[in-house]
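S.K.: give me coordinates for this.
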Amino acid sequence: MIENVKSGRVRRAAALARKKERVAQGRFLVEGPQAVRELLAHRPELAETVYATTGTEAWQHEIDQLASDGGVELERVTPEVLAAMCDTVTPQGVVAVARTWDAELAEALAGARLVVVMHEVRDPGNAGAVLRAADAAGADAVVFAGESIDPFHPKVVRSTTGSLFHLPVFVARGLVGVVDAAKAAGLTTIAADVRGDDLLAARAAGVLAGRVAWVFGNEARGLTEGERALVDRSLRLPIYGAAESLNLATAASVLIYETAFAQRD
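M.R.: Just a heads-up that it's a prediction; the model follows:
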C-alpha cells in the first residue's frame, strides 16, 4: 500500500498533467475505471502501472484481473495518494500510467476508408468527443495536426472514454504533410467548412461513399483559405433552423457518420 503522497512515484505521476513532463517521461495518465479498463483490454502493452484504492466497487475485480492477465504492475494506494496523482477533483478510485507511442501514419492510411484529421483543435472536450465519434463510426485513424491539443492531455483521455485505445491515433507537426500522405494513399481529402459545397449534393453524387479523409479546423476560426486550398474539396453541413452554427464536436460527429452511412450503403 502506497501511503506517502510525497513519494517519488506519486510526484512523477502527478507531473504528467503537464505536457512538458509527458514528453520528457514518454508517459501519460489514464484516469477512471472505464478508461483504465479499455487500456488494459485493448492496449495492455502500453500500461506500465495501475494504481487503485481498496474497495468493493464493481470494476475492482475486472481491472485486477485484466492487469494480471496483461502482466501489468498493480499497486494499492490510499484515497489521498490517488487524489494527489489525479488531475480530477473527485478521482474514481483508479489511475494508470501508460506509455505514449509513435507510429507511422502512412502505414495506417494504406487501405483506410475513413480518416479524421483535427487541425488546430484546442478544446480537450471537443477533441475527445470527435475521437470518440470517429471510433464509434468505424474510422481507421485519427490525426491531431498542427497546434492541436495533445491527445495525451488528461482531459482529452477522459473525454474519449477509452476510444483512444481502440484505433490508431497520430500527432503530426503540420497539415500539409497529413494531406499529402492521405492523397498519396488514395483518400479524397474533404474540409468541413461553412463556405464549402452542399453536403447533400455531394452525398448524392457518391462523394462520401469513397475513401475519405475529413479535415476539421479550429473551433473559432475554422480553416484558413490556404489550408482549404490543400484539400480536394470543402463541404458544408446545412442548418435548417435558426441556430447560427453547430459546435465542432457535433458537426464533426454528423459528418463522420454521414460518411460511414454512405460507405456502407
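
S.K.: now do the SS call for residue 41.
M.R.: helix (DSSP: H, G, I helix; E, B strand; the rest coil).

S.K.: for residue 135, see how far away it is.
M.R.: 14 Å (Cβ to Cβ, to the nearest Å). Placement of C-beta: from N, CA and C, glycine included.

S.K.: again with residue 127
M.R.: On the measure of Cβ to Cβ, residue 127 and residue 135 end up 13 Å apart.

S.K.: what's the span of stretch 194-207, first residue to last?
M.R.: By Cα to Cα, to the nearest Å, the extent of stretch 194-207 from end to end equals 18 Å.

S.K.: of residue 41 and residue 135, who's got more company?
M.R.: residue 135 (21 against 16; other Cβ atoms under 10 Å).

S.K.: so what's residue 142 up against?
M.R.: The contact partners of residue 142, by Cβ atoms under 8 Å, 6 or more residues apart in numbering, come to 115-118, 130-131, 134-135, 151, 167-170.

S.K.: tell me what the strand of greatest length in the chain is packed against?
M.R.: Within the chain, and with DSSP state E defining each element, the longest strand by residue count is strand 188-198. With contacts taken as 3 or more Cβ pairs under 8 Å, 6 or more residues apart in numbering; DSSP states H and E, strand 188-198 sits against helix 175-184, strand 212-216, helix 225-228, strand 233-236, helix 248-264.

S.K.: which one of the ones you listed has the most crowded surroundings?
M.R.: strand 212-216 (a mean of 27; mean count of other Cβ atoms under 10 Å).

S.K.: the helix or strand in which residue 144 is found vs helix 175-184, what angle?
M.R.: Element membership for residue 144 (DSSP states H and E) is strand 141-145. Interaxial angle, strand 141-145 versus helix 175-184 (axes from the mean of the first three to the mean of the last three Cα atoms, to 10 degrees): 150 degrees.

S.K.: strand 141-145: which residues count as buried?
M.R.: Buried positions in strand 141-145, judged by neighbour count with 16 or more other Cβ atoms under 10 Å: 141-145.

S.K.: can you pick out the most distant pair from these?
M.R.: 141 and 145 (12.0 Å; Cβ to Cβ).

S.K.: please report how far the residue nearest the centre of the chain lies from residue 37.
M.R.: Nearest to the mean C-alpha position of the chain, counting by Cα atoms, centre = their mean, stands residue 131 at 4.2 Å. As for residue 131, its distance to residue 37 is 17 Å (criterion: Cβ to Cβ).

S.K.: follow-up on the earlier one: of the buried residues of strand 141-145, closest to residue 60?
M.R.: Nearest to residue 60 among the buried residues of strand 141-145, with distances taken as Cβ to Cβ, is residue 142, at 30.9 Å.

S.K.: which other residues reach the lowest-mean-pLDDT helix or strand in the chain?
M.R.: Using mean pLDDT, DSSP states H and E, helix 105-109 stands out as the lowest-scoring helix or strand of the chain, at a mean of 90. Outside helix 105-109, the residues within contact range by Cβ under 8 Å, 6+ apart are 115, 140-141, 143, 168, 170, 172, 178, 181-182, 184-185, 187, 213.

S.K.: mind listing what the residue nearest to the centre of the chain touches?
M.R.: 116, 142, 151, 156, 160, 163-164, 169.

S.K.: run a quick neighbour tally on the spatially closest residue to residue 47 that is not a sequence neighbour.
M.R.: In space, residue 47 comes closest to residue 72 once its chain neighbours are excluded; the distance is 4.5 Å by Cβ to Cβ, 6 or more residues apart in numbering. Residue 72 has 22 neighbours, counted by other Cβ under 10 Å.
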